[in-house]
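Student: everything below, folded, please.
(one chain, ligands or ions: 2)
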Amino acid sequence: MPDTSAGFEQVLGSSPTGQTPLKLAMQRSGRLTEPTLALLHAIGLEFESYGQRLFSHCRNFPLSILYGRDDDIPGYLARGTVDLGIVGRNLLYEEGAEIDELAPLGFGYCELVVATMRDAPYTAPAELLDARIATSYPQSARRYFAQLGGAPEIITISGSVEVAPSLGLADAIVELTATGSTLLLNDLRPITTILESEAVLAAHPGARNDPAKRASIDRLLMRISAVQAAKRYKYLMMNAPEDALPAIRAVVPGLKAPTIVPLADPGWVAVHTAVEEDAFWESIERLRAAGATEILVSSLEKLLL
Ligand code: ATP
Ligand code: ZN
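Tutor: Ligands and ions are numbered 1, 2, ... in the order given. Have a look, this model is predicted:
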């Protein structure tokens, strides 16, 4: 495949603001595209909807976005063709190069597993040390089995890896799975997990040595964590008799403390507070038991802790 990185250097080098923009690579078309665009918009970046473009410039942040094959992103990051990338951890692991993982992003969850035919005799990866392994993750597979002291024959195929065992091409596969349904459909069963993966924000190791770039990267990270924190919490407003306050505060201590505002009705207060999504329904039940009424719940958009 031709190295197009020099061409990208040229198109991405200029910016409407004149500042040297950060360059961020993301998947052009695939599973990560839509959630990545949603995240970039949620953190306030404005740019032309990507359509058929290969790159775009943000209007309100010194950032250029390059749309590429996800497989190419780790190489761009390792060489410094781009400063940042949003890509599955599985591909960074496969690249094996020095690339900084700055933040997990909470989407694109999957696992890289070793799987064999359901009725095959294998129960553990140690039994596959000189087997034939079909995979589209040859480096990951080789490294994994090397750690176990083995050097199986690695057969690299780029698609439909799951059919290799039933074709008699391989004894096992190393492949990504999210729900396990493709494995099941092909009579395969996972015997071990090599890597737990999700989409991450990753950086070229040198990117944070440049003070201007570092400042922009830190701004992006702060915004991402505000969007992620907002997803973990709900905002609650409720009315309660004043004497229920101690019991209510025990249930929802708030980020620092709940806001308590007197109502026009004597003896009544309004309580405003944030509650973690995980404990949400349990908290609501306990609040009602404590005497809270008219409980109003809303989602948060951003939360800066
Ligand atoms: P491209 O055309 O960009 O090379 P692709 O077909 O290789 O795309 P996708 O299938 O869109 O890639 O997957 C992109 C990423 O989504 C994977 O690298 C992985 O991190 C993640 N992912 C999440 N669930 C799955 C899954 N069930 N199978 C494969 N990848 C998954
Ligand atoms: Zn790919």
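Student: mind giving me the domain split of the chain?
Tutor: Following automatic domain parsing, one finds the domains of the chain at 5-109+199-209, 110-197, 233-299.
Student: nearest to ligand 1, of the ones you listed?
Tutor: Between ligand 1 and those, the shortest gap by Cβ to the nearest ligand atom is with domain 5-109+199-209, which sits at 2.1 Å. C-betas here are computed from N, CA, C, even on glycine.
Student: same question for the closest one, mean pLDDT?
Tutor: Domain 5-109+199-209 carries an average pLDDT of 89.
Student: how about TSV for the domains of the chain, with mean neighbour count and distance to ligand 2 added?
Tutor: Shown next, in TSV, are these (neighbours: other Cβ atoms under 10 Å; distance: least, Cβ to the ion, whole Å):
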stretch	mean neighbour count	distance to ligand 2
domain 5-109+199-209	18	4
domain 110-197	17	9
domain 233-299	15	32
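Student: how close does D210 sit to ligand 2?
Tutor: If you measure D210 against ligand 2 using Cβ to the ion, to the nearest Å, the figure is 29 Å.
Student: picking up where we left off before, in JSON lines: the domains of the chain, plus distance to ligand 1.
Tutor: Output for the domains of the chain, formatted as JSON lines (distance: least, Cβ to the nearest ligand atom, whole Å):
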{"stretch": "domain 5-109+199-209", "distance to ligand 1": "2"}
{"stretch": "domain 110-197", "distance to ligand 1": "3"}
{"stretch": "domain 233-299", "distance to ligand 1": "22"}
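Student: which one of those lies closest to V227?
Tutor: Among those, the nearest to V227 by Cβ to Cβ is domain 5-109+199-209 (4.9 Å).
Student: now find how far off-centre the closest one is within its chain.
Tutor: 13 Å (Cα atoms, centre = their mean, to the nearest Å).
Student: ok so, going back, now the domains of the chain as CSV including distance to R219?
Tutor: Output for these, formatted as CSV (distance: least, Cβ to Cβ, whole Å):
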stretch, distance to R219
domain 5-109+199-209, 8
domain 110-197, 26
domain 233-299, 22
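Student: so which strand or helix has A247?
Tutor: In this structure, A247 is located in helix 245-251 according to DSSP states H and E.
Student: which among the domains of the chain is found nearest to A226?
Tutor: Of all these, the one in closest proximity to A226, counting by Cβ to Cβ, is domain 5-109+199-209 (7.8 Å).
Student: quick one: the helices in the stretch 201-305 of the chain?
Tutor: Taking DSSP state H, counting those that start in this stretch as the test, the helices found in the stretch 201-305 of the chain are 211-232, 245-251, 280-290.
Student: including distance to P104, could these go into a markdown table?
Tutor: Shown next, in a markdown table, are these (distance: least, Cβ to Cβ, whole Å):
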| stretch | distance to P104 |
| --- | --- |
| helix 211-232 | 9 |
| helix 245-251 | 30 |
| helix 280-290 | 22 |
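Student: about what we covered before: tell me the mean pLDDT for the helix holding A247?
Tutor: Mean pLDDT, helix 245-251: 94.
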